[in-house]
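Q: no letters, just coordinates:
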Ligand code: MG
């Protein structure tokens with residue numbers, strides 16, 4: 001079979017977009033931005049960037065067509081760009097973009113014996129994979145969703161994620177405002193529930209009424225017994241799902257919480273491959289899965305979702321910090337799924353960054369519009385590149 005085209009060049013860009021209010025809301029006492037631009041949330045001990053950081057990948061073909069990808073870049077993004085520039089790019093030159101799945105498998109093999117089957121290496125693969133799919137869609141002049149087997153719908157229900165306000169009263173008001181704009185589900189973060197998670201849930205339920213779904217992100221904070229006790233109390237206020245109740249390493253704990261059967265356990269934002277998901281499916285540890293395409297890429301995302309189908313588990317794709325490119329990939333992939341009740345909507349990131357990409361991707365009236373153009377249907381505008389972080393000035 002003759003090649004459709006060939007990859008000529010692979011480039012990477014670290015994007016750092018300023019934001020006024022930090023991710024997950026205003027900083028608490030003892031939370032300060034360090035010299036490299038990061039701060040640690042006291043509530044979960046996790047490090048976050050003070051800007052929205054991401055990694056863009058640009059793949060140029062011999063034909064001149066360009067594919068865009070994006071991967072997770074919230075912390076030390078140069079780890080990912082180094083992997084792509086140093087290891088993946090030379091191997092990709094000359095490959096036919098018509099074989100994204102084969103390329104993904106080949107790249108995965110490169111570092112397997114060294115134990116790199118997760119983490120930054122898979123993030124690098126995810127960004128490259130999305131760019132190759134975008135290139136293939138443009139070559140064939142069809143949207144990514146068509147390449148993946150067909151789009152079920154053009155509009156996807158969105159749940160509002162995060163209520164980045166300083167006080168419980170303000171967070172409740174914000175939830176009510178989103179409901180008034182047509183959204184039927186809201187997720188709050190336990191890690192910034194200063195007055196207690198149960199109090200937060202009770203106040204939100206009171207504010208939004210009985211028809212709106214409320215999810216709680218527990219941020220890996222609890223032992224299994226503590227999580228079960230907490231979820232029982234939240235369930236009194238009709239909890240839709242409990243996200244990440246126990247630490248990711250605690251598979252037995254996650255399964256125990258799921259087995260308690262009080263509310264569905266939602267997991268998976270930190271997992272990158274079908275191999276990582278498989279034992280959790282087998283342990284029946286997940287009532288909802290939350291793959292993040294910025295970590296998985298398209299090939300693994302679809303394999304994970306195929307596996308979810310065989311375990312009858314719904315998919316609610318996770319959406320964290322994207323400059324818009326991997327969000328588009330996520331919407332295309334999600335639009336093909338039969339059991340996809342909601343796609344996460346990080347309004348404080350998505351809305352701001354939408355101006356930096358072309359195309360008709362949008363979120364409004366409770367739903368996302370899946371882009372209609374070929375490939376991802378979105379590309380970075382010139383304005384995106386004002387936010388490229390210089391390698392030499394990183395963090396300064
Ligand atoms: Mg989460």
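A: Cool, got the structure. Predicted, not measured: the structure shown is a model, and the values here were computed from it.
Q: just give the closest residue to residue 368, not the sequence neighbours.
A: residue 156 (4.6 Å; Cβ to Cβ, 6 or more residues apart in numbering). Using the backbone N, CA and C atoms, a C-beta is placed for each residue, glycine as well.
Q: now the helices for this structure?
A: All helices of the chain, identified by DSSP state H, fall at 78-82, 89-92, 100-110, 119-140, 144-147, 168-180, 197-208, 224-235, 251-260, 274-282, 293-310, 325-335, 347-353.
Q: sorry, back to before: contact partners for the residue nearest to residue 368?
A: 331, 334, 335, 340, 342, 343, 367, 368, 370 (Cβ atoms under 8 Å, 6 or more residues apart in numbering).
Q: ok, it to residue 390 distance?
A: 36 Å (Cβ to Cβ, to the nearest Å).
Q: so residue 48 touches residue 27, yeah?
A: No: using Cβ atoms under 8 Å, residue 48 makes no contact with residue 27, being 9.9 Å away.
Q: what's the overlap in contacts for these two?
A: residue 39.
Q: more crowded one of these two?
A: Higher neighbour count among residue 48 and residue 27: residue 48, with 21 against 17, using other Cβ atoms under 10 Å.
Q: now that one: closest residue in space that isn't a chain neighbour?
A: residue 23 (5.3 Å).
Q: next one, pLDDT for that neighbour please.
A: pLDDT, residue 23: 78.
Q: contacting residues around it?
A: 48, 49, 52, 162, 164, 321, 348, 349.
Q: domain-wise, how is the protein divided?
A: Using automatic domain parsing, the domain parsing of the chain gives 3-143+381-394, 147-369.
Q: okay, those domains in CSV with distance to residue 375 next?
A: Formatted as CSV, those follow (distance: least, Cβ to Cβ, whole Å):
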stretch, distance to residue 375
domain 3-143+381-394, 3
domain 147-369, 9
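Q: looking at the ones you listed, which is buried most?
A: Highest mean neighbour count among the domains of the chain (mean count of other Cβ atoms under 10 Å): domain 147-369, with a mean of 20.
Q: excluding its backbone neighbours, what's nearest residue 148?
A: residue 336 (4.8 Å).
Q: I'd say the one you found and residue 147 touch.
A: No: applying Cβ under 8 Å, one finds residue 336 not in contact with residue 147, separated by 9.5 Å.
Q: need the residues touching each of the two.
A: Counting by Cβ under 8 Å, 6+ apart, nothing touches both residue 336 and residue 147.
Q: I'd guessed residue 303 sits against residue 274; true?
A: Yes: Residue 303 is in contact with residue 274 according to Cβ under 8 Å; the separation is 4.2 Å.
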